[in-house]
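In: got a predicted structure plus its sequence, pasted below:
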Amino acid sequence: MLIPLTRESFEELIPIIATGPQYVYCWGKFSDLLKRLLISVVGVLILLIIANYLAENLKPFLFIIGIFMGFYWLWGPIFDASRRNAECRRYKYSGLWQGKVFDVFVTEELVGTQETVNNKGELVLLENLERRLNLEVGDKSGPLTILQVALQKEHKGIAVGEAAQMVVMSNLQDLSRISKVSDIYLPRLDLWVSDYPYLRRDIFLAIGDELRAARRRNPARSPRNSDRLRSP
């Protein structure tokens, strides 16, 4: 099932500014924080050097830029998340998609390498492997996409054949060619499978509740009468 969404609903689902979960995701690990701190410190030092060669009337502007750069470690995740959101919002059309899980399997993926020295004093390269869940979803027309995420204990209950929901994006009005998909929601488990949390999940669930309520009121009537859904 694929039901087109209005532009307003889509922009509610994926806002311009980062949501709380998106900010937390982009905050990253401690090493990511250290990188942002380094950028902040280096940026401020460069501005201090530049200040020595600027006219006095320009220094207040440089001071403002310096404050902005000094707090890059704090606002950097907002920028990263907002950039990801903007990549989605550039698609003109979107739809609420429901299909099923075609396959679910685990793989080990290379996520980084590290140089170290063994007992013989030789330089060796260590590969950092991570167990990843691969979730393939589709509908009666066939497989649509495979989402790969870090394996969590909550993923153990996922079964082939169960319902899966997500938002799909396209530049074609009829959504005949899907260019990007969001995180996936599994209603039976009340579980989100995602790497980056694209969607406002409260809004997504509210749309689903609205569709179910519309069907209960009039099963023979198209759910597209909802204000959140775009007419075909």
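Out: Structure's in. What do you need?
In: use CA for all of it now, contacts and neighbours both
Out: Will do.
In: checking residue 197 next. Helix, strand or coil?
Out: coil (DSSP: H, G, I helix; E, B strand; the rest coil).
In: helices or strands up against whichever helix in the chain runs longest?
Out: Scanning the chain for the helix with the most residues, using DSSP state H, yields helix 30-51. If contacts are counted by 3 or more C-alpha pairs under 8 Å, 6 or more residues apart in numbering; DSSP states H and E, helix 30-51 sits against helix 59-70, helix 72-89.
In: can you report how many residues lie near residue 58?
Out: 10 (other C-alpha atoms under 10 Å).
In: so how far is residue 21 from the residue nearest the centre of the chain?
Out: When C-alpha atoms, centre = their mean is applied to the chain, the residue found nearest the centroid is residue 196 (3.0 Å). To residue 21, residue 196 is 9 Å away according to C-alpha to C-alpha, to the nearest Å.
In: how close does the residue nearest to residue 27 when sequence neighbours are not counted sit to residue 70?
Out: Leaving aside its sequence neighbours, residue 27 sits nearest to residue 77 (C-alpha to C-alpha, 6 or more residues apart in numbering; 5.3 Å). Noted for residue 77: a distance of 14 Å to residue 70, by C-alpha to C-alpha.
In: same deal with residue 190?
Out: On the measure of C-alpha to C-alpha, residue 190 and residue 70 end up 41 Å apart.
In: given the longest strand belonging to the chain, what are its sheet partners and their directions?
Out: Using DSSP state E to define each element, the chain has its longest strand at strand 93-117. Strand 93-117 pairs in its sheet with strand 2-5 (antiparallel), strand 123-139 (antiparallel), strand 163-170 (antiparallel), by DSSP bridges.
In: out of the helices and strands packed on helix 30-51, which gets the lowest mean score?
Out: With a mean of 88, helix 59-70 has the lowest mean pLDDT of the helices and strands packed on helix 30-51.
In: got the contact list for that one?
Out: Residues outside helix 59-70 that contact it (C-alpha atoms under 8 Å, 6 or more residues apart in numbering) are 40, 41, 43, 44, 47, 51.
In: output the below-cut-off pLDDT ranges for the chain.
Out: Applying pLDDT under 70 to the chain picks out residues 112, 118, 121, 127, 218-232.
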